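# Here you go, sequence then predicted model.
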Amino acid sequence: MLHTQGEDYVNTCHPSELEALRAMVMNAAADRNPSDAWTLISFLLCGTGDRAEAEVQRHLPAKVLFTAMDTGQTQPTRELREPGESLLAGRRAWSASAQISAGGLIMLGYLSGEACARSISMRFNGRGWLVVEVNDGCD
């Protein structure tokens, strides 16, 4: 349970939360390999260890756009880089949602702590889903 700003949030990896998120992902992916989208998202949020890391690495292009914005910054920090650090939330994800963007990307968003949020954009490449952008923000 995460308590922030007077609200309580159940961990996204709780079975009831996963069921609701899975429905959002399946709707967003539609006929574009929804099982691949769900596998990626479930490992990103709830996976731990080498198997989860390997599954996420399989869904990464050579470069991923990372954007970070912290309190007091006037402009976000943006850089295209090789994703060397882990993108796994390690079961530290609350209030997750997934939706489709106007450009056809799946946008995954979740709270990653009391004052932090992360969004991950995924693009369908004709076969499966790739992480193309990661946005972090903390208050």
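Received, thanks. Numbers count the residues shown, from 1 in each chain.
# Please count neighbours and contacts with C-alpha atoms only from this point.
OK.
# Which parts of the protein are helices?
Taking DSSP state H as the test, the helices found in the chain are 15-29, 34-46, 49-57.
# where does the protein have its least confident helix or strand?
strand 77-81 (a mean of 78; mean pLDDT, DSSP states H and E).
# where in the protein is pLDDT low?
For the chain, applying pLDDT under 70 flags the ranges 84.
# Select, out of the helices of the chain, the one closest to Ala96.
The closest of the helices of the chain to Ala96 is helix 15-29. By CA to CA, the value is 7.0 Å.
# how big is the angle separating the closest one from helix 34-46?
Orientation of helix 15-29 against helix 34-46 (axes from the mean of the first three to the mean of the last three CA atoms, to 10 degrees) gives an angle of 140 degrees.
# by contact count, what packs against helix 15-29?
Here helix 15-29 touches helix 34-46, strand 94-100, strand 106-113, going by 3 or more CA pairs under 8 Å, 6 or more residues apart in numbering; DSSP states H and E.
# Flag every buried residue along that helix.
Glu17, Leu18, Leu21, Arg22, Met24, Val25, Met26, Ala28, Ala29 (16 or more other CA atoms under 10 Å).
# contacting residues around Gly104?
For Gly104, the contact set (CA atoms under 8 Å, 6 or more residues apart in numbering) comprises Arg123, Phe124.
# what do you get if the cut-off is 10 Å, keeping everything else the same?
Ala28, Ala29, Met122, Arg123, Phe124 (CA atoms under 10 Å, 6 or more residues apart in numbering).
# Repeat that for Ala117.
In this structure, Ala117 makes contact with Ala93, Trp94, Ser95, Ala96, Gly109, Tyr110, Leu111, Asn135, Asp136, Gly137, Cys138, Asp139, judged by CA under 10 Å, 6+ apart.
# So what sits opposite it in the bridge?
Leu111, Gly137 (DSSP bridges).
# Next, work out how far apart it and Pro76 are.
As judged by CA to CA, to the nearest Å, Ala117 and Pro76 stand 14 Å apart.
# got it, and Ala68?
6 Å.
# Overlap of the contact sets of those two?
With contacts defined as CA under 10 Å, 6+ apart, the residues shared by Ala68 and Pro76 are Asn135, Asp136, Gly137.
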